[in-house]
Every structure is written in structure tokens, then in C-alpha cells.
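> sequence unavailable; structure follows:
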């Protein structure tokens with residue numbers, strides 16, 4: 001449930017030409033925290049000789065203007081304000097007192113990057129009173145929160161000898177979101193980089209979510225837009241009124257119920273949520289639409305504090321039309337976990353973790369709307385009281401019945417391409433090409449190739465992928481390239497031409513997210529749901545592209561026209577189709593080369609050497625190896641190739657073409673990776689969710705996918721009826737009626753009543769038959785009397 005991800009990036013100084021004039025502006029850093037307090041240092045022609053006041057303006061619709069200061073060194077400094085949107089924020093500078101803004105650039109606002117650390121935050125005053133795995137222990141909780149709270153920060157961030165420590169609160173009222181000064185925790189504290197204090201209970205307020213700010217000492221309190229460091233956002237348990245300490249369960253229950261009432265006035269966002277992947281395997285590979293939840297991730301240790309029983313959770317990358325976000329959690333055996341079955345189940349979020357345009361309007365404010373609507377409320381209902389049923393009622397788990405897996409395409413090795421429709425071919429052109437494009441969303445994914453060497457270091461007539469550049473619509477441009485230092489497997493990542501480093505697993509940018517949990521792997525997530533996984537293996541780059549179902553019949557490029565018809569995958573930009581039966585050289589010349597980019601469409605960044613090398617986006621003089629001669633199986637090289645490649649045709653091709661064992665091994669690995677992802681993205685049959693029966697439970701780990709079972713366990717005195725266990729069939733239906741729990745004596749009475757009733761009915765039927773037979777007999781006798789009327793009475797007797 002909780003989102004505890006921290007996002008940051010580091011960019012070099014930016015030189016951006018002005019939006020409203022020809023003069024450039026150079027400033028650093030080009031990034032900063034959403035909460036402001038970062039000092040931008042910049043210079044530009046005439047900026048110090050104009051004699052006017054310098055102002056810095058951020059944003060477009062909700063513009064915030066701060067005064068700049070020209071220092072004796074000739075450099076101008078502006079402090080970034082509190083912002084309510086992530087990604088690129090327009091940054092303009094006026095040198096004439098605000099009359100005109102002649103300089104323009106883009107400043108990148110990122111989530112996280114907190115400079116104040118709250119030591120032992122989760123184990124002290126924000127520790128849950130209870131959890132799904134531990135009972136209520138109020139006494140122990142009270143003892144813990146009596147302990148002091150310690151803050152730490154980088155003392156060199158401030159020139160002053162002392163600092164102020166302040167508490168700021170966040171609130172949303174209607175269409176307005178605001179961060180407001182609450183009070184000073186301490187003033188004029190020695191700037192030692194640490195401060196310890198005893199939390200005091202203060203009068204109740206509208207602020208239940210907030211941050212601590214540390215700033216250089218000033219005489220005034222709560223001055224906005226000054227050089228400062230911020231803590232991470234958190235529930236303000238340590239400053240709630242005394243009633244919370246005396247009876248936190250009642251206090252929290254009241255707020256949980258108030259939240260439930262407030263939710264009734266808000267739109268129901270759940271129906272428009274993106275559906276969850278049905279299995280853990282699908283969740284791990286659908287990197288276009290979902291990324292790991294850093295609070296519960298296999299690659300980060302699967303702490304899963306707030307999802308007991310889960311080993312991995314993912315969050316939707318794109319927000320719903322309402323600005324909401326999906327969360328999906330899974331058990332070790334691959335099952336999706338439902339809140340109806342376990343407190344560790346996944347819950348959707350009214351506020352997406354990354355927010356949603358237009359950002360500033362609640363509940364679309366990045367991170368903070370999520371805390372107001374989904375996190376602090378989780379504390380109220382689940383961690384500080386026993387009302388999780390209320391929370392789960394309003395945040396139900398998605399049952400994945402609407403989920404459609406993405407389609408995978410790949411490029412690897414020499415290079416070999418597997419289209420989205422599954423057609424395999426080799427295209428070892430030398431240049432830069434469109435790997436995939438989708439005009440409907442402005443998607444462009446481009447690949448650059450470079451000539452490769454054999455085991456002796458000699459260049460051969462074969463190529464491999466050396467860089468991938470991509471952009472979607474107006475998003476930032478991301479390039480992932482081979483590292484400049486070939487002694488490392490860590491790819492180099494550039495954003496808008498500038499190198500970035502990963503201080504944390506995820507970088508949030510404009511319209512795109514870049515993740516690197518494992519240093520040699522980089523995943524680029526676009527808002528459309530397209531995901532690009534680039535991996536460095538053996539000094540080569542491999543890319544796996546995952547495309548969501550809404551782009552079916554809308555793709556072009558080397559990865560083909562995805563329409564489930566591999567025969568038209570070799571379609572050129574002009575619409576001509578090269579037959580799928582064509583030889584490799586025809587495919588190379590007529591199809592592959594046609595997708596060379598141009599100088600105008602290229603997304604790549606060029607050094608002086610690369611500028612000359614890729615002047616021709618497709619080298620017409622380069623003749624690749626198309627049909628390398630086979631190696632004798634009994635030769636030493638043939639045996640070595642068999643050992644490395646087995647029956648993998650692409651690996652065999654690369655080995656025979658280059659004699660490069662590392663390249664061949666990388667090709668086989670990449671092909672196996674693609675095959676595994678293709679298997680994991682197949683459609684899985686799912687059955688409707690089975691609610692927990694009254695007077696019973698569901699035994700074991702209920703599963704709602706094909707061959708999964710749900711078993712009913714009834715409380716003492718109750719019996720499953722009519723079925724104890726049901727199994728999900730391939731057609732998405734249960735093989736029986738899921739059982740309910742009925743009272744055992746009621747069952748006996750029902751059976752006895754049924755028997756008695758049956759006997760009674762049988763008696764009635766027999767009686768009717770006897771009556772009918774008797775009636776028929778009497779009728780016959782009457783007829784006999786009429787026919788024998790001449791007989792005397794003595795004969796009748």
C-alpha cells in the first residue's frame with residue numbers, strides 16, 4: 001500500500017538557448033527537489049550589466065516568481081520554490097525587474113532527493129500500533145514514541161553557523177493544494193548536521209501529513225523559497241493532540257470513518273484503473289505498464305512491511321483518467337494477493353504516486369495527493385485501528401479479468417530481430433535505424449549499430465547494437481549506450497543529451513521513467529505503456545521492447561507491423577511490403593535499409609567522431625556477412641560452437657560469422673531471455689473472485705487462475721455447501737458452485753425434512769392412485785348393474 005520510493009537524478013550543467021530570444025543561459029544544477037530550496041547558479045550575457053532587478057519565474061499556468069541575487073563573483077543565484085509537478089518545468093529569467101523574461105530554459109523537478117534524514121522514523125513515532133502480523137500492543141507503542149527523534153543533514157549545505165528547524169504541513173481543499181508553515185520545532189540550532197528533540201503533543205490541526213524543513217537561520221519564521229533541506233513526507237503522528245496518545249484507536253477510528261464519508265463525495269475511480277497482471281511472472285515482465293514498488297520488491301529484498309505474505313508488488317506507470325494509480329501484489333508461488341483473502345493484498349490509489357497532469361490539481365499532485373488519500377488513511381484504518389475492512393472496501397484489489405499481456409519484440413547479437421508478430425530475421429546494417437515507431441502517440445525508438453571484432457580484435461563484416469535512443473510525444477529523450485569505459489558492463493544513460501547517474505532505482509522525468517535496479521540493466525517506461533529493457537551482456541547491448549495491446553495494428557519499423565500476421569512484417573516506410581520468403585540480402589537492402597533515420601529525425605547525441613562516423617545514417621558501402629560458411633561439426637571450432645550454442649540458430653550464425661565466443665554466448669542468452677518473456681506474457685485464464693463465506697474462510701492460498709483452487713473451510717458448527725473445493729477451468733469458469741457455510745444442525749434438519757417431505761409426497765401420490773383405482777372399479781360396477789338390470793336381487797347378493 002505504502003509508496004516509499006525515492007527518486008533522484010544528477011545532470012551536468014545545462015546550456016539551453018532562450019525560448020524568447022537568442023541569448024543562452026547556463027545554469028547548474030539543472031534538477032532539484034519538488035519541495036524547492038535548491039540554489040540555481042547561472043550566468044548569461046548582459047545579466048549583470050543591465051542594472052535591473054533579476055527575477056526567476058517557474059511554471060506556465062501556476063507561475064511562481066522569486067527574486068534573484070547577483071553575487072560579487074558575477075553569478076546570479078535563484079532559489080527554487082515549492083513546486084507541484086514533476087519533470088521539466090519552464091524556467092525563465094528577467095533582468096529588467098520583471099518587465100520581460102528574455103532567457104528561458106527547463107528545470108527538472110524530481111520526486112524525493114530529501115536532504116534531512118529522520119533517524120529510526122518507522123521504528124519510533126510512526127511505528128504502527130498494530131499490523132497484520134502482530135496484535136495490538138498499545139503499551140509497547142507508547143514506550144517507543146517517548147523516545148527522542150533525531151534529524152541529520154549535510155552541514156555544508158549552509159553557510160550559517162546555526163539553522164532553524166520547522167514543521168510544514170500539506171493539505172488539499174477542493175481544487176487547491178498547499179504546503180504551509182505550521183510552527184518552529186527549534187530556532188537557531190547549531191549547524192552540526194544533527195539535532196535531537198523530544199516530540200511534544202500540540203493542538204490538533206488540519207495537517208496530518210507533512211515534512212520537516214531545515215534552513216539557514218533567519219529572524220523570521222516560515223519564510224518560503226529560501227535555501228533549505230527537507231525531510232521525506234510522513235504522517236505527523238508525533239504532533240497530534242493528546243487524545244491520540246491517550247486513545248489512539250478511538251482517535252484513528254473516528255478519522256477512518258470520516259474518511260469513508262468523505263470518499264462518498266468523490267468520483268469512483270476504481271472502474272477505470274488499469275488491470276493487474278494475473279501472475280507474478282506477468283508483473284515482472286510487463287515493464288511498459290508496471291514498475292516495481294520499492295517498498296516490496298524481489299530485487300530489493302522483498303521487505304513488504306505493509307503487505308505481509310507478499311514477495312513483490314508493482315505499480316502502474318500511467319495514471320488513470322482520474323489521476324489514480326494501480327498496485328498489484330503477489331505471493332512467492334506467483335498468485336495475486338487479494339485484500340478479501342489477506343491483509344497483504346494489493347490496493348489501488350486515488351492519488352497516483354507520480355501524480356498526473358495537470359499535477360497541481362488534487363488528487364493529481366505527485367506523491368503528496370497519494371499520501372493524503374491513500375497512505376495516511378491507511379494508518380487511520382489499518383495500522384492505528386482495527387478498521388482495515390473499511391479501507392479494503394474502498395480500495396478493492398483488481399481481479400485481473402480485464403488484463404491483456406503486452407507483446408514482446410527483440411533485437412540482439414549480430415543483430416538478430418524478432419518482430420512483434422514473431423518473425424525472425426538478421427539485419428546487420430551499419431548505421432542508425434528506426435526500431436519501432438507508433439505515430440498515434442509520437443513514439444520513436446531508434447537503434448545505432450557498430451562494427452564488431454573477432455576474437456583477435458580484428459573488425460569483421462558484422463555489426464551489433466551500440467546505442468538505443470527513444471522518445472514518446474513531448475517526453476524527455478532517453479539514450480542508453482555502451483559505456484565509454486569498456487571494462488564495465490554498466491550502460492551509459494543520457495537524458496536530453498546529458499549523462500545521468502542513478503542514486504536511486506528510478507528517475508522520474510517528463511513523460512518517461514527510467515529504472516536501473518541492476519546496474520547492467522536499464523528499463524525505460526513510457527506513459528503509453530511501452531517499455532524498453534536494455535541489457536548489457538558480454539560488451540553488447542540487447543533490447544526487449546514490450547508493447548501494450550492498444551498499439552496493435554499501429555506499429556512500424558524493424559520490429560514490424562504488429563497485427564498477428566508475420567507475412568507483412570517487412571513493410572517499408574512508404575508502405576511497400578517485402579515478401580516474408582525473400583532472401584536475407586533482399587530483406588537487408590529493401591526493408592532494413594529503408595528504416596534508416598535522417599539527420600532531422602535522429603534522437604542520438606553525437607561526439608565529433610560519431611558525427612563523422614554516422615554522417616550516412618545507413619552505410620551503403622558496408623556489405624555484411626549474410627550466409628557464413630558452416631563449420632565442420634568434428635572440428636575443434638565446431639565442437640566449441642556446439643558447446644556454446646547448442647541448437648540456437650542465431651548463436652550459430654554469430655559464431656560462424658565472427659568466431660567471437662563472447663558475442664555468440666551473448667546471443668544465446670538474449671534469445672533465451674526473449675523466449676522466457678514471451679512465455680510469461682501469454683494470456684492466462686482467470687476465474688471470478690470468490691468472496692470469503694460468512695461463518696467460514698478460504699483454506700490455503702486461494703488462486704483464481706487456470707488450475708487454481710479455492711477451498712472453503714467452515715467454522716465449528718457449519719458445513720460447506722454445496723461444494724468444498726472448486727478448480728478454475730481453462731475457459732475461465734469454476735468447475736462447480738463455490739460453497740457457502742451452513743449450520744450443521746440446519747443441514748441435518750434440512751435432510752430430515754427432505755426425507756419426511758418425500759415420504760409425505762409419496763403417500764399422497766399412492767393415495768391418489770388408490771383413490772383413482774377404486775373410483776374406476778366403482779364405475780365399472782355401476783355399468784355392470786345397468787347392463788344386468790333383468791337379474792334378480794338374489795343373484796347380486
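Received it, and whenever you're ready, just let me know what you need. Just so it is clear, the structure is predicted and the values come from calculations on it, not from any experiment.
> any chance you could map the helices in this protein?
138-145, 242-246, 248-263, 280-285, 368-370, 376-378, 388-394, 584-586, 608-613, 636-645, 649-658, 661-680, 744-787, 793-796 (DSSP state H).
> and those helices, which one's lowest on average pLDDT?
The stretch with the lowest mean pLDDT among the helices of the chain is helix 793-796, at a mean of 29.
> count the residues that sit near residue 539.
Residue 539 has 19 neighbours, counted by other Cβ atoms under 10 Å. Yep, even glycine has a C-beta here, placed from its N, CA and C like the rest.
> quick one, what contacts it?
For residue 539, the contacting residues are 482, 486, 489, 662, 666, by Cβ atoms under 8 Å, 6 or more residues apart in numbering.
> could you report the neighbour count for the closest residue in space to residue 596 that isn't next to it in sequence?
Leaving aside its chain neighbours, residue 596 sits nearest to residue 618 (3.6 Å; criterion: Cβ to Cβ, 6 or more residues apart in numbering). Using other Cβ under 10 Å, residue 618 has 18 neighbouring residues.
> pLDDT value on residue 123, please?
At residue 123, pLDDT is 59.
> no wait, residue 136
Per-residue pLDDT puts residue 136 at 65.
> next: residue 492.
92.
> could you do residue 170 as well?
96.
> where does pLDDT dip in the stretch 501-650 of the chain?
Scanning the stretch 501-650 of the chain for pLDDT under 70 picks out 503-504.
> and what of the stretch 151-300 of the chain?
203-204, 241.
> at 90 instead, please
Applying pLDDT under 90 to the stretch 151-300 of the chain flags the ranges 174-175, 197-206, 218-219, 232, 234-251, 271-272, 287-288, 291-292, 294-295, 299-300.
> how close does the residue nearest to residue 360 when sequence neighbours are not counted sit to residue 249?
Spatial nearest neighbour of residue 360, excluding adjacent residues (Cβ to Cβ, 6+ apart): residue 84 at 4.1 Å. Distance of residue 84 to residue 249, given as Cβ to Cβ, to the nearest Å: 34 Å.
> count of residues packed around the closest residue to residue 91 other than its chain neighbours?
Using Cβ to Cβ, 6+ apart and skipping residues adjacent in sequence, the residue nearest residue 91 is residue 107, 4.0 Å away. Other residues near residue 107 come to 25 when the count uses other Cβ under 10 Å.
> and if you look at residue 219?
The burial count for residue 219: 8, using other Cβ under 10 Å.
> so how far is residue 378 from it?
In terms of Cβ to Cβ, residue 219 sits 40 Å off from residue 378.
> same deal with residue 362?
Applying Cβ to Cβ, the value for residue 362 to residue 378 is 18 Å.
> ditto for residue 314
18 Å.
> got phi/psi on the closest residue to residue 357 other than its chain neighbours?
Of all residues not flanking residue 357 in the chain, residue 364 sits nearest, at 7.1 Å (Cβ to Cβ, 6+ apart). Phi and psi for residue 364, reported as degrees, to the nearest 10, are phi -100, psi 0.
> mind listing what residue 364 touches?
319, 323, 351, 352, 355, 356, 357, 358.
> now, of those, which are buried?
Taking 16 or more other Cβ atoms under 10 Å as the criterion, what is buried in those is 319, 323, 351, 352, 355, 356.
> in strands, which of the residues you listed appear?
The strands, defined by DSSP state E, take in nothing from these.
> out of those, the closest to residue 570 would be?
Nearest to residue 570 out of these is residue 319 (Cβ to Cβ; 36.9 Å).
> how near is that closest one to residue 352?
Distance of residue 319 to residue 352, computed by Cβ to Cβ: 4 Å.
> quickly list what residue 77 is bridged to.
residue 41, residue 69 (DSSP bridges).
> now do the contacts for it.
Here residue 77 is in contact with 39, 40, 41, 42, 68, 69, 71 (criterion: Cβ under 8 Å, 6+ apart).
> ok, of the contacts of residue 539, which come out buried?
482, 489, 662, 666.
> isn't the last one right up against residue 537?
Yes: between residue 666 and residue 537 a contact is recorded at 4.7 Å, counting by Cβ atoms under 8 Å.
> ok, residue 252 to residue 414 distance?
Residue 252 is 62 Å from residue 414, by Cβ to Cβ.
> so for those two, which residue has more residues nearby?
Neighbour count, other Cβ under 10 Å: between residue 252 and residue 414, residue 414 has more, with 30 against 23.
> report the contact partners of the nearest residue to that one once chain neighbours are set aside.
In space, and not counting its chain neighbours, residue 414 is closest to residue 654: 4.6 Å by Cβ to Cβ, 6+ apart. Residue 654 makes contacts with 413, 414, 462, 660, 663, 664, 667, as judged by Cβ under 8 Å, 6+ apart.
> and residue 654, how far is that from residue 628?
From residue 654 across to residue 628, the span is 9 Å (Cβ to Cβ).
> go on, residue 408?
For residue 408, the distance to residue 628 (Cβ to Cβ) stands at 27 Å.
> cool, and residue 482?
24 Å.
> I'd guessed residue 642 sits against residue 633; true?
Yes: using Cβ under 8 Å, residue 642 makes contact with residue 633 at a distance of 6.9 Å.
> of the two, which one has the most company?
residue 642 (14 against 10).
> any figure for the gap between that one and residue 523?
34 Å.
> now swap in residue 618 and tell me
Per Cβ to Cβ, residue 618 is found 28 Å from residue 523.
> what would the buried ones among the contacts of residue 539 look like in JSON lines with distance to residue 577?
JSON lines is the format used below for the buried ones among the contacts of residue 539 (distance: Cβ to Cβ, whole Å):
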{"residue": "482", "distance to residue 577": "33"}
{"residue": "489", "distance to residue 577": "39"}
{"residue": "662", "distance to residue 577": "36"}
{"residue": "666", "distance to residue 577": "32"}
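> among these, give me the pair with the biggest separation.
482 and 662 (13.7 Å).
> the strands in the stretch 1-150 of the chain, which residues?
Counting by DSSP state E, counting those that start in this stretch, the stretch 1-150 of the chain has strands at residues 14-17, 24-28, 31-33, 39-43, 55-58, 64-67, 69-70, 76-79, 87-94, 103-110, 117-119, 149-152.
> isn't residue 735 up against residue 729?
Yes: Residue 735 is within contact range of residue 729, at 5.5 Å (criterion: Cβ under 8 Å).
> now do the contacts for residue 107.
With Cβ under 8 Å, 6+ apart, residue 107 has these contacts: 30, 31, 32, 40, 58, 80, 88, 89, 90, 91.
> look up phi and psi at the first one.
In other words, residue 30. According to degrees, to the nearest 10, residue 30 has phi -90, psi 10.
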